[in-house]
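Novice: Build me a model from this:
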Amino acid sequence: MKQGNYRVLSNRLIAHATWEMVLEGDTGSLKRPGQFVNVQVPGKFLRRPLSVAAWDNATLTLIYKVVGQGTDLLTRCRPADSLNLLCGLGNGFDLSPSGQHPLLVGGGVGLPPLYQLAMDLVKAGKQPHLIMGFGSSDEIFYEDLFRRLISVTVCTVDGSAGIKGFVTQAVPPKGSDYFFACGPSPMLQALCSWLPFSGQLSLEERMGCGFGACMGCSIQTTLGSQRVCKEGPVFAKEVLIW
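Specialist: Residues are numbered from 1 along each chain as shown. Sure thing, here's the model as predicted:
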C-alpha cells in the first residue's frame, strides 16, 4: 500500500453519470488487475474506494459513477488539482489458472478492473471474451476500447443495445472454461449458478478504512470471516457463500 498525493490530468463524463479520471503519481504498489485505491474526497471524512481500470509507470485511470455527495464532489476536480490516495489495495486477479479462453463478465461500473485484466491476459497469449452488461445504451462505456483488444458481447436490460436482458442471457463462447467477473452481488451470485466452471469474482462492498483495520467489510466464506478490502476484493468462486 502506498499513500500519496496524485495530480489530476483529466476528469471527464464518459456515459450517463459515469466519469473517467486519469491521475499522475506513484503506481509502484499496483501489481495485479482488480486492485483498488481509496480516494480522500475533499470535504468528506471517509475515503471512497474505486477500482483501477488501467495503469502504467506514471499514471492510473479510475472510473466512477455518481451515486452520492462524495462521487459528485469528484466530478468537480479539474486538471492540476491534487487528490490523496491509498494506492495498491486488495489482492487483485490471479491470471495463472485462467486457461486459454477465459470469460470476462462485467456489470456497469464493475467493468473497469476488467480492462487492465483484458490487456494482461492478451499480453500473456490468452484469448478472452467479454460479456458487458448495462441497464441501457446510455450507460455503456469503454466498448470500443475493449473491442480493440478482445471479442465483446453487449447486454442491456432494456434492449436498447446488444442482447436484451442480463449478462446471463448471453451464451459463453465454446471453449470457455474459466471466468473473471466484477459487478453487483445479484449478478455475481447468478453467474456462480449459471457457469459450470471455476472463476474469480471481485466483490463490491461498503468500506471504512480500505486496508483491513476496521473489519467493516467482512463477509462469511468457506474459509471463515474474510475482509473484502484485504483478503479480497477478489475471491475464488468456491469460497463464496451466497
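Novice: For the most centrally placed residue in the chain, give me the backbone phi and psi.
Specialist: A centroid search over the chain (Cα atoms, centre = their mean) returns Pro113, at 3.4 Å, as the residue closest to the centre. Phi and psi for Pro113, reported as degrees, to the nearest 10, are phi -60, psi -20.
Novice: How about Tyr142?
Specialist: Here is the backbone geometry of Tyr142 (degrees, to the nearest 10): phi 60, psi 10.
Novice: what's near enough to touch it?
Specialist: Tyr142 makes contact with 14, 53, 63, 111-112, 115 under the criterion Cβ atoms under 8 Å, 6 or more residues apart in numbering. Every C-beta, even on glycine, is put in place using the N, C-alpha and C of the backbone.
Novice: which residues touch the residue nearest to the centre of the chain?
Specialist: Counting by Cβ under 8 Å, 6+ apart, Pro113 touches 33-36, 51-53, 93, 182, 202.
Novice: before we move on, what about Val167?
Specialist: By Cβ under 8 Å, 6+ apart, the residues touching Val167 are 105, 107, 131-133, 155, 183, 187, 190-191.
Novice: Show me what the helix or strand harbouring Ser51 is packed against.
Specialist: Assessed by DSSP states H and E, Ser51 sits inside strand 48-55. Applying 3 or more Cβ pairs under 8 Å, 6 or more residues apart in numbering; DSSP states H and E, we find strand 48-55 packed against strand 36-39, strand 59-65, helix 69-74, helix 113-123.
Novice: what's downstream of the longest one, the next helix or strand?
Specialist: Scanning the chain past helix 113-123 towards its C-terminal end, the next helix or strand to appear is strand 129-134 (assignment: DSSP H and E).
Novice: So what are the sheet partners of that next one and their directions?
Specialist: Sheet pairing of strand 129-134 (DSSP bridges) gives strand 103-107 (parallel), strand 151-156 (parallel).
Novice: The next helix or strand after that strand - contacts with which helices or strands?
Specialist: The helix or strand immediately downstream of strand 129-134 is helix 143-147, counting by DSSP H and E. Helices and strands touching helix 143-147, by 3+ Cβ pairs under 8 Å, 6+ apart, are helix 113-123, strand 129-134, strand 151-156.
Novice: Gly4 is in contact with Asp26, correct?
Specialist: Yes: under the criterion of Cβ atoms under 8 Å, Asp26 makes contact with Gly4 at 5.6 Å.
Novice: phi, psi of the closest residue to Arg206 other than its chain neighbours?
Specialist: Spatial nearest neighbour of Arg206, excluding adjacent residues (Cβ to Cβ, 6 or more residues apart in numbering): Cys217 at 6.5 Å. When read as degrees, to the nearest 10, the backbone of Cys217 gives phi -110, psi 20.
Novice: Give me the pLDDT value at Cys217.
Specialist: Here the pLDDT value assigned to Cys217 is 89.
Novice: Can you get me a residue count around it?
Specialist: The criterion is other Cβ atoms under 10 Å. On that basis, Cys217 has 23 neighbouring residues.
Novice: what about Val171, is that helix, strand or coil?
Specialist: In terms of secondary structure, Val171 is coil; the call rests on DSSP: H, G, I helix; E, B strand; the rest coil.
Novice: how close does it sit to Pro33?
Specialist: 25 Å (Cβ to Cβ, to the nearest Å).
Novice: and those two? which has more neighbours close in?
Specialist: Per other Cβ under 10 Å, whichever of Val171 and Pro33 has more neighbours is Pro33, with 28 against 10.
Novice: The more buried one touches Asp120, doesn't it?
Specialist: Yes: at 5.7 Å, Pro33 counts as touching Asp120 under the criterion of Cβ under 8 Å.
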